[in-house]
Structure formats: C-alpha cells, structure tokens
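Undergrad: Quick one, structure for this:
(one chain, ligands or ions: 1)
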Amino acid sequence: MTETTTLEPFGARLRRAMDERGPLCVGIDPHASLLADWGLSDDIAGLERFTRTVVEALADRVAVLKPQSAFFERFGSRGIAVLEQAVADSREAGALVLMDAKRGDIGSTMAAYAATYLDPASPLFSDAVTVSPYLGYGSLRPALDLARESGTGVFVLALTSNPEGAEVQHAVRAGGASVAATMLEHLKAENADAAPMGSYGAVVGATLGDTLGAAGADLAINGPLLAPGIGAQGATPADLPRVFGAAVRDVVPNVSRGVLRHGPDVAALRASAARFAGEVRDAVDTAASR
Ligand SMILES: O=C(O)c1cc(=O)[nH]c(=O)n1[C@@H]1O[C@H](COP(=O)(O)O)[C@@H](O)[C@H]1O
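TA: Just a heads-up that it's a prediction; the model follows:
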C-alpha cells in the first residue's frame, strides 16, 4: 500500500476540502436519460464523454465527487475502465472521490470489497466508499479497519433518502433503539477522539424533513453526514438546518441530477455547482448565527 503513509485521515481531508471548496458533493450519475438529454448515445462512447465532461468541469473545484458505480457497471468491463479513469482524474485534480458502491457482505467477502475501493494498490482506489449495514454493523469491520489504515473513509447507510427505507431503518430493536439509531451509535464510537472530524460517516437523506425524531437519531457522531436528496428528490439547501439541527456543520450534501441536468455545457455545470455550494454555505452560516 504505497499511499498509506502519506494520506491524512479522510475526515481531516474532507473538512479541509469543504472549507476550501464549499460544502458540496456532486454525483457522477450517467443515467441513460441524462446521456440522451446531453445528445449522447447510450453506449461506452456516450458514457466516456459524459464522465470526462463532468470531471473536467468540476474536479478542480468541488469538494467531493461521488461516482455511482452501477451506472458504469452496466457497461461491463469497459464501463469499469471509464470509472477507473474518472477516479484517477478526479483525485489528480484535487477532488475527493466517494465511490457510491453501497457494498455489504459477510466479513470475509467484505474484505475483498474493502480492498477494491480502499486499498491504495487497487485500480479503483477511492477516498471513501458507501456501504450497506444490512448484514450487521460488525460485518463491515474489514472496511472500517482498512479505512483507518489507508486514510480513507466509509459511509454507512443509516437513514436513506427514499421513502421505503423507514420499514427497516426505523424498526425498533429489542433494546429499544431503532436500527438507524444503532448504526449512528456505532459510528460515534468509531469516530471517538478524532479531530477535526472522524472518517466514518452516515448517510442521512436531506429529504427526511421532521421524521428523524421518529427514528430516535442522534446525529452527533463526530463524523460526516452524507445527505443525498437535494434537487431531483425534492429537498433544498434551505431544508438542511431543519433536518440536521446542530449537526448541519458536518453535512456533506449530495446533488446529482440537479447539477448534471445543466450539462453538457461546462460553464453551466460549474455555475450550478457553485450555486448549490453557495446556498448550502448560506444555510449553514444562518443556522450557526441563530
Ligand atoms: O448513498 C447514496 O449516495 C444515496 C443514499 C440515499 O439514501 N439516497 C440516495 O439518493 N443516494 C444516492 O445519491 C444520488 C442521488 O441522486 P439525485 O437524486 O439525482 O441527486 C444517487 O446516486 C443515489 O444512489
């Protein structure tokens, strides 16, 4: 692992990136419908052009880029090659790359997923990865440990932005805490003593409005809160203080289609990302001054 000794912990790198570039994560989600809207073919050439344009437009200015692996996997090995190039080019231009892979498996297999995204020797090495805790938080241990070793991060699905998530995530365990609250407790323990912020994040949808209380969620995990749902799913930056309360400073809002729909014009993509980042910063500053 060549980069292990040089990479600062992900949480510190993320905090600095958000301070310097603005608190925003833009998704690289090459939906077939977006390829069509951009006048591109739904094939490897279209995928490549789309991805290159987003990276060229945004990697030197947004804090985090989040490629959605599924949109690349659907093109097979050549799609993965496009993803590899996007990860390398984005990191080279200074963006942190959060690979949206939502992996989760029994521990021994989880170790292979972890190596894929969090081992610096891997062609898909990223700054962080999204994981699903459906097999139990402990099954994620190989990824949590490798992240600590390689200075990378892990984002665990806790309260997802989709309405179906509550069926599982709000379910109350024998001890009385909801599944989501239990995940947040685990992450808080993982991030203990980290400064300025831990490297273990939770995914908490920006769309959740006032429902967080129903899940008994304590968002003070000393780690980043990835908040998808702004833009196409209906949430706005102005919603963030209401949803996240005091934890709003640790929120990394994700916008995918809300920015990407402005392409393929590079200036328009940049303007849209700058607008979202500015609106998020205003919302966070206003909440802090109250
Ligand atoms: O982990 C995620 O990124 C994620 C979690 C979640 O709860 N909801 C959610 O929408 N996402 C992802 O965030 C992105 C949202 O895209 P837009 O709705 O186009 O902004 C997609 O790539 C989703 O897969």
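Undergrad: which residues of the stretch 101-250 of the chain fall in strands?
TA: Remark: strands assigned in the stretch 101-250 of the chain by DSSP state E, counting those that start in this stretch are 128-131, 153-159, 200-204, 225-227.
Undergrad: Reformat those strands as a markdown table; add distance to the ligand.
TA: (Each C-beta comes from the backbone N, C-alpha and C, glycine too.) Compiled in a markdown table, these are given as follows (distance: least, C-beta to the nearest ligand atom, whole Å):
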| stretch | distance to the ligand |
| --- | --- |
| strand 128-131 | 4 |
| strand 153-159 | 6 |
| strand 200-204 | 5 |
| strand 225-227 | 6 |
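Undergrad: Would you format those strands as CSV with mean neighbour count, distance to Leu58 and mean pLDDT included?
TA: Shown next, in CSV, are these (neighbours: other C-beta atoms under 10 Å; distance: least, C-beta to C-beta, whole Å; pLDDT from 0 to 100):
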stretch, mean neighbour count, distance to Leu58, mean pLDDT
strand 128-131, 26, 17, 98
strand 153-159, 27, 20, 98
strand 200-204, 28, 21, 98
strand 225-227, 29, 17, 98
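Undergrad: need those in TSV with distance to Leu240, can you?
TA: Listed next are the strands of the stretch 101-250 of the chain as TSV, based on distance: least, C-beta to C-beta, whole Å:
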stretch	distance to Leu240
strand 128-131	20
strand 153-159	14
strand 200-204	11
strand 225-227	7
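Undergrad: name the helices or strands packed onto the helix or strand containing Val55?
TA: In this structure, Val55 is located in helix 44-58 according to DSSP states H and E. With contacts taken as 3 or more C-beta pairs under 8 Å, 6 or more residues apart in numbering; DSSP states H and E, helix 44-58 sits against strand 25-28, helix 32-37, strand 64-67, helix 69-73, helix 77-92, helix 266-289.
Undergrad: run the last query once more with 10 Å
TA: With contacts defined as 3 or more C-beta pairs under 10 Å, 6 or more residues apart in numbering; DSSP states H and E, the secondary structure elements packing on helix 44-58 are strand 25-28, helix 32-37, strand 64-67, helix 69-73, helix 77-92, helix 257-260, helix 266-289.
Undergrad: want to try a markdown table for these, with distance to the ligand as columns?
TA: Formatted as a markdown table, those follow (distance: least, C-beta to the nearest ligand atom, whole Å):
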| stretch | distance to the ligand |
| --- | --- |
| strand 25-28 | 5 |
| helix 32-37 | 9 |
| strand 64-67 | 6 |
| helix 69-73 | 8 |
| helix 77-92 | 14 |
| helix 257-260 | 3 |
| helix 266-289 | 10 |
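Undergrad: Please name whichever of those is nearest to Thr6.
TA: Taking C-beta to C-beta, helix 77-92 is the member of the helices and strands packed on helix 44-58 nearest to Thr6, at 12.8 Å.
Undergrad: Now do the closest one, average pLDDT.
TA: Mean pLDDT, helix 77-92: 98.
Undergrad: same check, this time on stretch 237-244
TA: In this model, stretch 237-244 has a mean pLDDT of 95.
Undergrad: So what touches that stretch?
TA: For stretch 237-244, the external contacting residues (C-beta atoms under 10 Å, 6 or more residues apart in numbering) are 23-24, 159, 204-212, 217, 219, 225, 227, 229-231, 235, 247-248, 250-251, 253, 255, 275-284, 286-288, 290.
Undergrad: Separate out the buried members of those residues.
TA: Among the contacts of stretch 237-244, those buried by neighbour count (16 or more other C-beta atoms under 10 Å) are 23-24, 159, 204-208, 212, 217, 219, 225, 227, 229-231, 235, 247-248, 250-251, 253, 255, 275-277, 279-280, 283-284, 287.
Undergrad: what does the chain have sitting close to the ligand?
TA: By C-beta under 6 Å from any ligand atom, the residues of the chain that approach the ligand are 27, 29, 68, 100, 130, 160-161, 203, 205, 228-229, 231-233, 254-258.
Undergrad: residues touching the closest residue to Met197 other than its chain neighbours, list them.
TA: Closest residue to Met197 apart from its sequence neighbours, by C-beta to C-beta, 6 or more residues apart in numbering: Gly11 at 4.1 Å. Residues in contact with Gly11 (C-beta under 10 Å, 6+ apart) are 128, 151, 153, 191, 194-201, 222-224, 250.
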